[in-house]
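J.: Model the following, please.
(2 chains)
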Number of protein chains: 2
Amino acid sequence: MTTFTDVRAEDGVARHSFAVDCAGERVPAVLWAPEGAKGPRPLVLLGHGGSQHKKTEGIRLRAKHYALRLGYATLAIDAPGHGDRISREDAARNMAEVGARVTGQVAADWTPERLRQMAERTRQAVPEWRAALDAAQGFEFVGAAGPVGYWGVSMGTAIGVPFVASEPRIGCAVFGLAGLRPGATEMAEAAAKIAIPVEFVFQWEDAVAPREHGIALFDAFASTQKTMHINPGGHMEIPDFEGASWERFFSRHLGSAGHPARARVAELA
Amino acid sequence: MTTFTDVRAEDGVARHSFAVDCAGERVPAVLWAPEGAKGPRPLVLLGHGGSQHKKTEGIRLRAKHYALRLGYATLAIDAPGHGDRISREDAARNMAEVGARVTGQVAADWTPERLRQMAERTRQAVPEWRAALDAAQGFEFVGAAGPVGYWGVSMGTAIGVPFVASEPRIGCAVFGLAGLRPGATEMAEAAAKIAIPVEFVFQWEDAVAPREHGIALFDAFASTQKTMHINPGGHMEIPDFEGASWERFFSRHLGSAGHPARARVAELA
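T.: Residues are numbered from 1 along each chain as shown, chains lettered A, B, ... in the order given. You can find the predicted model right below:
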């Protein structure tokens, strides 16, 4: 039984810190839920982007929003080489490097060495997500009965696609800001195993994800229900209204606490 | 002053029938609004698809929905060669022909003669829309002060793009199920004049609009705020959740009756 190392409430939302052990690593995790939540509820996993961390602003705000508006629990972990798993100095350097790439100031680095590092990070991250999900479902206010969704763009998609492909508990996913490079067979095979509803958000002038790679990844998902949302602008310029669209996507497929999703109601009928 | 030939209420929504004269043609029009509506309100023009008509089911349901949920007025007209402008026999034959094409049973017809007919229909339709909009804004429960949006996919886009390009009263538009063919210079020039927010819905296996043509049309809009929603399936298979997205799009840009849009509030601030 996992125990919390810290619990604090803010704006009616409780944030529970804990850690899970996986392959010799201690993975920091945080689980949000409405303050005083009891009983099972939908859970959304939030995968942060490169150079970000489990409590990065977008994740924190989305976690609170989903708790207050939908009664959801949300779970985030630090990816390998991110957040509390590295020093503040390394995190700052990482942020500057990634920032330069995604804004196009520095060319995207697709050298074999970098691709190897990224693939290694993904292979490490997938079982870590699984261990964190196991732990989260062990808490009474989350439970194993409720539906689970995944949200993650950019590195959150690079890690999320193989994770979701191998995790039958995930019922729907938001991906984006990433593509399928020619020769990326592991990613292609993972995407082809994903048949759940997917919303895929893509920026048309993304310095690190060319258009044709984005379309190739969208095409690779086996899902019959998948939507690609294309917006102008760069990697960091997803319009705010896409956030509202993600909320409706999860609401449609996961329902809200105490209210099964429309899709799940149809399954029962 | 235009007068109504028929007014009837159903489910709290009033449907006003009238006609406008344009270039020797009498154009049948219908204007929906909440029953008992008084004073200016947002107006959405609804452009039907090929072989359909101004009161086709999707338009009728959307008109009622927008009236009841947002307090909007909505306006639809019969396109040239459609609805009450042709005999029932011709309408049935037209529906069968278009149905065979959009479902891929019959190859899309892009012969020069057909393209010439379509261009001619569009040139006729644009001033008809303008005349109908003039008339609608003359009614007290619509007025000229409120914001105006346009919705139309397929033929509603073929006609809507040149119309919206030439009509400064339109503040936002939903287009879709259509593309930009190489050499379609009139359509390309019209799209390049459109700089308002656009939501563009596209079906990835559309028998009458190839993917690259759809992307070319999306790219051709000058709008800085434009989103392309791609879904799997054919011309007649737009998922229902896109309808909810259109409603939010209009709500975002036009506000609701008595409540200015967020975008317009920002303009005033």
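
J.: Could you report the neighbour count for the closest residue in space to A:Thr5 that isn't next to it in sequence?
T.: Here the nearest residue to A:Thr5 in space, its sequence neighbours aside, is A:Ser17; by C-beta to C-beta, 6 or more residues apart in numbering or on different chains that works out to 5.0 Å. Quick note: C-beta positions are derived from backbone N, CA and C, even for glycine. Look at A:Ser17: counted by other C-beta atoms under 10 Å in any protein chain shown, it has 16 neighbours.

J.: Okay, now the sheet partners of whichever helix or strand A:Ser17 is part of, with direction.
T.: Element membership for A:Ser17, per DSSP states H and E: strand A:13-22. For strand A:13-22, the paired strands and their directions (DSSP bridges) are strand A:6-10 (antiparallel), strand A:25-34 (antiparallel).

J.: could these go into TSV alongside mean pLDDT?
T.: Output for those, formatted as TSV (pLDDT from 0 to 100):
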stretch	mean pLDDT
strand A:6-10	94
strand A:25-34	97
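
J.: Between these, which one is closest to B:Trp110.
T.: When these are compared for distance to B:Trp110 using C-beta to C-beta, the nearest one is strand A:25-34, at 53.9 Å.

J.: so how far is the next helix or strand after the closest one off the chain centroid?
T.: Tracing the chain C-terminally past strand A:25-34 and defining elements by DSSP H and E, one meets strand A:43-47 next. On the basis of C-alpha atoms, centre = their mean, to the nearest Å, the separation between the geometric centre of strand A:43-47 and that of its chain is 5 Å.

J.: quick revisit: may I see the strands paired with strand A:13-22 arranged in TSV, with mean neighbour count as well?
T.: Written out in TSV, the entries for these read as follows (neighbours: other C-beta atoms under 10 Å in any protein chain shown):
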stretch	mean neighbour count
strand A:6-10	10
strand A:25-34	22
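
J.: Could you double-check that the residue nearest to A:Thr5 sits in contact with A:Val7?
T.: Yes - A:Ser17 sits in contact with A:Val7 when judged by C-beta atoms under 8 Å, with a separation of 7.4 Å.

J.: Chain A against chain B: which residues are in contact?
T.: For chain A, the residues in contact with chain B under the definition C-beta under 8 Å from any C-beta of the partner chain are A:218, A:224-232, A:239, A:241, A:244-245, A:248, A:252.

J.: Restricted to helices, list the residues you listed.
T.: Secondary structure assignment by DSSP state H places A:218, A:241, A:244-245, A:248, A:252 of the residues of chain A next to chain B in helices.

J.: most neighbours, which of those?
T.: Taking other C-beta under 10 Å to define a neighbour, the member of these with the most is A:Phe218, carrying 24 neighbours.

J.: What sits closest to that one if chain neighbours are left out?
T.: If the residues on either side of it in the chain are set aside, A:Phe218 comes closest to A:Met228, at 4.5 Å by C-beta to C-beta, 6+ apart.

J.: Is there a neighbour count for the one you found? I'd like the number.
T.: Going by other C-beta under 10 Å, the residues that sit close to A:Met228 add up to 24.

J.: Okay, and the beta partners of it?
T.: Beta bridges link A:Met228 to A:Phe200, B:Ile230 when assigned by DSSP bridges.

J.: residue contacts, it?
T.: Counting by C-beta atoms under 8 Å, 6 or more residues apart in numbering or on different chains, A:Met228 makes contact with A:200-202, A:214-215, A:218, B:228-230.

J.: With A:Ala23 instead?
T.: A:Ala23 neighbours (C-beta under 8 Å, 6+ apart): A:124, A:127-128.

J.: among those, who's most crowded?
T.: Of the contacts of A:Ala23, A:Glu128 is surrounded by the most neighbours, 22 neighbours in total, counting by other C-beta under 10 Å.

J.: For whichever strand or helix holds A:Ala63, the averaged confidence score.
T.: Secondary structure here is read from DSSP H and E; on that basis A:Ala63 sits in helix A:57-70. Averaged over helix A:57-70, pLDDT sits at 95.

J.: neighbouring contacts of the following helix or strand past it?
T.: Following helix A:57-70 in sequence order, the next helix or strand is strand A:73-77 (DSSP H and E). The list of residues contacting strand A:73-77 from outside it, by C-beta under 8 Å, 6+ apart, reads A:20, A:27-33, A:37, A:41-48, A:54-55, A:59, A:62-63, A:66-67, A:128-129, A:132-133, A:136, A:141-142.
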